[in-house]
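Visitor: turn this into a model:
(2 chains)
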2 protein chains.
Amino acid sequence: MVTIIKTTWELTDLRALEKGPVGFVPTMGNLHEGHISLLEQALDENDVVYFSIFVNPKQFGPKDDFSKYPRTLSDDVTQIQNCEARFPGKNVVVFCPADPQEVFPLDYTQTVTVPKLNSFLEGAQRPGHFDGVTTVVFRLFELVEPTKAYFGLKDYQQYLVIKQMVKDLALPVEIIGMPIKRGPAGLALSSRNQYLTSEQREESLILIQSLKKVAGLIEGKRTNLRKAKREIDILLLDSKWNYLEMRDAENLSDDLTKSKSITLLGVYQIGTTRLLDNLQLEIQ
Amino acid sequence: MVTIIKTTWELTDLRALEKGPVGFVPTMGNLHEGHISLLEQALDENDVVYFSIFVNPKQFGPKDDFSKYPRTLSDDVTQIQNCEARFPGKNVVVFCPADPQEVFPLDYTQTVTVPKLNSFLEGAQRPGHFDGVTTVVFRLFELVEPTKAYFGLKDYQQYLVIKQMVKDLALPVEIIGMPIKRGPAGLALSSRNQYLTSEQREESLILIQSLKKVAGLIEGKRTNLRKAKREIDILLLDSKWNYLEMRDAENLSDDLTKSKSITLLGVYQIGTTRLLDNLQLEIQ
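Guide: Residues are numbered from 1 along each chain as shown, chains lettered A, B, ... in the order given. Okay, the predicted model is just below:
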């Protein structure tokens, strides 16, 4: 059963009736298979899943176009219904507030921040972005009171920021990171892919191919990190990279001397479209 | 709040929880403003409205194309959501079974028939059609147990057939007939209008214009019925009419000697598209 609600009072009314665990998948809509894989996992693990579709104004910078962010509610709901139909007896509550004031009343002044992780990589490229993310996720957690919340690992730094927020504030929710969904040639699924022409889509494969090339040089061995770093420096000669970095996968530190797992994070920009991807690997 | 369910067990489970009156709008989907006006009235009069979207195989004849009937669930749900949003605090349950067996299990052999009204006019044009309609409406009433059910008066004979069924079987439901919704030039809204080219759409206005012409000749006076009948005979020279008749509005009898209100019913066929319309008028 899929229930669609647009107001916060309906959300809290419904939530108050739930007796068991509640899964939560927060999204900004414009859904693709990546989002649906989060919903599937949530339905696997919970009888009731709250799924929010909310384009959060707080995570858009002055140059980002909040008003132009694609709203595809009707198609989104269809995808949710089709997914839910594969889980007989389970319930999905879709929270799709039409007005940002449903989530953030005018007198809501709280900002939640994770200073430890919000200033570099994506945080440097998009100042204030992660504060917008943590503030909305905190607020939605407050309303939905989920037992588990599901996030895609494509936004790996975001995933770590949210895990850190949950730790900092001792929130009673478990954060589940779900593997990146990719197209047939490896391109990570993203709402932004729709902005690419077919030629640009081909060009976009440089991103994942580069990550794989670097990972291939490392071969899981710490001794190969220096070689990998040289390859990254060569790749970065292509000015379309916003960044391409090797970081500790647990804390995003660039000191890898004690790292057990590392993450390769890259943003490759085609036109005005910033494509994010990352790859985790263990090293010994 | 809009809840979407696809199975009969969810429907009866949910229904069992309702304590107050329940409105019901049965449709075959492919919604237009006419359907939405039924939903609006139902939401005006009930806190909870069940809305079924079910393309009923039993009401299609062998020449009708059941499989080609337009299925537009995603767009339908959006229209329902937009309507519901104008009624804060009210609930809509959309029942959209994917499989006809949800409504008619394989061992369901019951046929409900209204012999008094099902054999002439539309009943003659589409043998078995009304039995299909009454059987599905009976079945849906059985599942939804509505307090009031809403039907459009565009299918006027259907409306009377259903009223008669409710009377015959003493069903505990009130049947509400809602006025025909029309386009700017008077064409009655219908799912079938989408099959018309723009030229055909202009031609289709002959239907309502003819009904109005006849009504204008009657001017509410029994003494003018003969004049109206002659006009109908002239209009019928156009072979695109399946029928154009004056009938008693209560029982569809063609004996109008004691009628207080009459209905003008016409079906005008353009290509393979049968356009239905009707007009009620009091006479003295």
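Visitor: secondary structure element holding A:Glu142?
Guide: helix A:129-144 (DSSP states H and E).
Visitor: what residues does the helix or strand following that helix touch?
Guide: Per DSSP H and E, the first helix or strand lying C-terminal to helix A:129-144 is strand A:148-152. Here strand A:148-152 makes contact (CB atoms under 8 Å, 6 or more residues apart in numbering or on different chains) with A:21, A:23-26, A:34-35, A:37-39, A:41-42, A:45-46, A:137, A:141, A:158-159, A:162, A:173-178, A:180-181. For glycine as for every other residue, the C-beta is placed from the backbone atoms N, C-alpha and C.
Visitor: narrow those to those in strands?
Guide: Here DSSP state E is the test, and those give A:23-26, A:174-178 as lying in strands.
Visitor: nearest to chain B, of those?
Guide: Closest approach between these and chain B, by CB to the nearest CB: A:Val25, at 17.3 Å.
Visitor: neighbours around the closest residue to A:Val136 other than its chain neighbours, how many?
Guide: Of all residues not flanking A:Val136 in the chain, A:Asn56 sits nearest, at 4.2 Å (CB to CB, 6 or more residues apart in numbering or on different chains). Neighbours of A:Asn56 under the rule other CB atoms under 10 Å in any protein chain shown: 21.
Visitor: check A:Tyr243 too.
Guide: Neighbour tally, A:Tyr243, other CB under 10 Å: 15.
Visitor: about what we covered before: return the residues in contact with the residue nearest to A:Val136.
Guide: Residues in contact with A:Asn56 (CB under 8 Å, 6+ apart) are A:28, A:100, A:103, A:132-133, A:136.
Visitor: look at the residue in the stretch 151-284 of chain A that chain B sits nearest to and report its pLDDT.
Guide: Residue of the stretch 151-284 of chain A nearest chain B, by CB to the nearest CB: A:Gln194 (18.1 Å). A:Gln194 carries a pLDDT value of 93.
Visitor: and what about it, helix, strand or coil?
Guide: helix (DSSP: H, G, I helix; E, B strand; the rest coil).
Visitor: pretty sure A:Lys58 contacts A:Asp131?
Guide: Yes: using CB atoms under 8 Å, A:Lys58 makes contact with A:Asp131 at a distance of 7.5 Å.
Visitor: count of neighbours near the closest residue to A:Thr27 other than its chain neighbours?
Guide: Of all residues not flanking A:Thr27 in the chain, A:His35 sits nearest, at 5.3 Å (CB to CB, 6+ apart). Residues lying near A:His35 (other CB under 10 Å) number 26.
Visitor: and if you look at A:Val144?
Guide: For A:Val144, the count of nearby residues is 25 (other CB under 10 Å).
Visitor: tell me the buried residues within the contacts of strand A:148-152.
Guide: With burial judged by 16 or more other CB atoms under 10 Å in any protein chain shown, the buried subset of the contacts of strand A:148-152 is A:23-26, A:34-35, A:37-39, A:41-42, A:46, A:137, A:141, A:158-159, A:162, A:173, A:175-178, A:180-181.
Visitor: CA atoms only for the helix or strand where A:Arg274 lies, dumped as PDB, please.
Guide: Assigning secondary structure by DSSP H and E places A:Arg274 in strand A:273-282. The C-alpha trace of strand A:273-282 is given here as PDB (Å, rounded to 0.1, in the frame of the first residue of the first chain):
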ATOM      1  CA  THR A 273      27.000  19.500 -15.100                       C
ATOM      2  CA  ARG A 274      29.200  18.300 -12.200                       C
ATOM      3  CA  LEU A 275      29.300  14.500 -12.200                       C
ATOM      4  CA  LEU A 276      30.300  12.800  -8.900                       C
ATOM      5  CA  ASP A 277      31.600   9.300  -8.400                       C
ATOM      6  CA  ASN A 278      33.800   7.300  -6.000                       C
ATOM      7  CA  LEU A 279      35.300   3.900  -5.500                       C
ATOM      8  CA  GLN A 280      36.200   2.200  -2.300                       C
ATOM      9  CA  LEU A 281      39.100  -0.100  -1.900                       C
ATOM     10  CA  GLU A 282      40.900  -2.000   0.800                       C
END
